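Asks: Sequence below, structure please.
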Amino acid sequence: MNKFLTTTAVIALALAGAHVSARAADVKEVQMLHWWTSGGEAAALNVLKQDLSKEGFAWKDVPVAGGGGDAAMTALKAMVAAGTYPTASQMLGYTVLD
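Replies: Alright, predicted model coming up:
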C-alpha cells in the first residue's frame, strides 16, 4: 500500500510540475511586487529587468513604497485574496509563512 501511495504522489507531483512548466512558458510578462523604490534599489532592479528582457519577458513593476516591506506584504495579501496576485514578489523568508 505504501508503494502505491508513493507512486501516486510521485506521478501527481510530476504532472503538477509539467503543468507549472507549461504555464510558465506561456507567461510573457512578469509582474513584480517589490519595495525597492529608492535610487540604488531601482538601479539593482534594472539589472533584473534587463536580464528578463534578454529572455523575452516584459517586466511590469508593482512597487509599494516602504523599506521594511510591511506595506508590500499587506498589498500582496489583498491581491491574493482578490485573485489578482503578481507573477513574483519580493519577500523575506520568514514572511512566506504568513
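Asks: Let's see the pLDDT reported for residue 7.
Replies: Looking at residue 7, its pLDDT reads 31.
Asks: So what's the residue count around the nearest residue to residue 32 once chain neighbours are set aside?
Replies: Excluding the flanking residues, the one nearest residue 32 by CB to CB, 6 or more residues apart in numbering is residue 88, at 4.9 Å. Yep, even glycine has a C-beta here, placed from its N, CA and C like the rest. Neighbour count of residue 88, defined by other CB atoms under 10 Å: 15.
Asks: got the phi/psi numbers for residue 88?
Replies: Taking degrees, to the nearest 10, you get phi -140, psi 160 for the backbone angles of residue 88.
Asks: Read off the pLDDT value for it.
Replies: 91.
Asks: could you measure the spatially most central residue of the chain against residue 40, distance?
Replies: The chain has residue 88 as the residue nearest its centroid, 2.0 Å off, counting by CA atoms, centre = their mean. Distance check for residue 88 against residue 40: by CB to CB, to the nearest Å, it reads 20 Å.
Asks: and the residue nearest to the centre of the chain, what does it touch?
Replies: Contact analysis of residue 88 by CB atoms under 8 Å, 6 or more residues apart in numbering lists 30-33.
Asks: run the last query once more with 10 Å
Replies: Residue 88 is in contact with 30-34, 48, 52, 59, 62, counting by CB atoms under 10 Å, 6 or more residues apart in numbering.
Asks: Among these, which one has the most neighbours?
Replies: residue 33 (22 neighbours).
Asks: Now do that residue, the pLDDT please.
Replies: So residue 33 comes in at 93 (pLDDT).
Asks: Please list all residues in contact with it.
Replies: 60-64, 69, 72-73, 75-76, 79, 85-91.
Asks: what about residue 86, how many neighbours?
Replies: Residue 86 has 18 nearby residues by other CB under 10 Å.
Asks: so is the spatially closest residue to residue 63 that is not a sequence neighbour in a helix, a strand, or just coil?
Replies: In space, and not counting its chain neighbours, residue 63 is closest to residue 37: 5.2 Å by CB to CB, 6+ apart. Three-state call for residue 37 (DSSP: H, G, I helix; E, B strand; the rest coil): coil.
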